[in-house]
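Student: coords below, sequence missing:
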């Protein structure tokens, strides 16, 4: 049962700041003229494009701060030495051990292995996540029931995940090489 929780501390340490940074960056990006949605003059496609670009950049900027934790989480979750056939030895003893060993062998760039494809993936995911939600909800009017917002959020999250999943698979493979 403990194996299911392997690297969960690292995941929690990564997840909560990621969410906070996503919303903080999104709020700041929306203040930039290029990403401000003009409700009267912008067409739907322009609004959608601005919302997707702003959301994607917010996700990308937050990734800059938490990527090394994501790398460590992936390494810990997949941690089995393959040096001996049939061996179940662990390569890492925890989060700090991942950092120490990666820095010793690959330097700081080792902690950011796969960063570029991760940036592309999070841009797609958060861009669609924030962009679709921020574009659909205003179309529904001012008095939107919470269950409708939940439904829109559920659909947007599913679409975003499906769109970015192939990229996520590639990035995890790159982290492991």
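Tutor: Okay, I see it. None of these values were measured; they are calculated from a predicted model. Residues are numbered from 1 along each chain as shown.
Student: all helices of the chain, in order?
Tutor: With DSSP state H, the ranges of helices along the chain come out as 8-29, 44-77, 95-106, 108-111, 115-136, 146-176.
Student: Any idea which of these gets closest to residue 36?
Tutor: Residue 36 lies closest, by C-beta to C-beta, to one member of these: helix 44-77, at 7.4 Å. For glycine as for every other residue, the C-beta is placed from the backbone atoms N, C-alpha and C.
Student: Give me the helices and strands touching that closest one, please.
Tutor: Contacts defined by 3 or more C-beta pairs under 8 Å, 6 or more residues apart in numbering; DSSP states H and E place helix 44-77 against helix 8-29, helix 95-106, helix 108-111, helix 115-136, helix 146-176.
Student: In TSV, list the ones you listed along with mean neighbour count.
Tutor: Compiled in TSV, the helices and strands packed on helix 44-77 are given as follows (neighbours: other C-beta atoms under 10 Å):
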stretch	mean neighbour count
helix 8-29	16
helix 95-106	15
helix 108-111	14
helix 115-136	21
helix 146-176	14
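Student: Can you say which of those is nearest to residue 40?
Tutor: helix 115-136 (15.6 Å).
Student: Other residues contacting the closest one?
Tutor: Contacts with helix 115-136, where a contact means C-beta atoms under 8 Å, 6 or more residues apart in numbering, come from 22, 26, 37, 44, 47-48, 51-60, 62-63, 67, 70, 152-153, 156-157, 159-161, 163-164, 167-168, 170-171, 174.
Student: hang on, the earlier thing: residue 2 is nearest to which of the helices of the chain?
Tutor: Among those, helix 8-29 comes nearest to residue 2, with 10.0 Å by C-beta to C-beta.
Student: Fine by me, thanks again.
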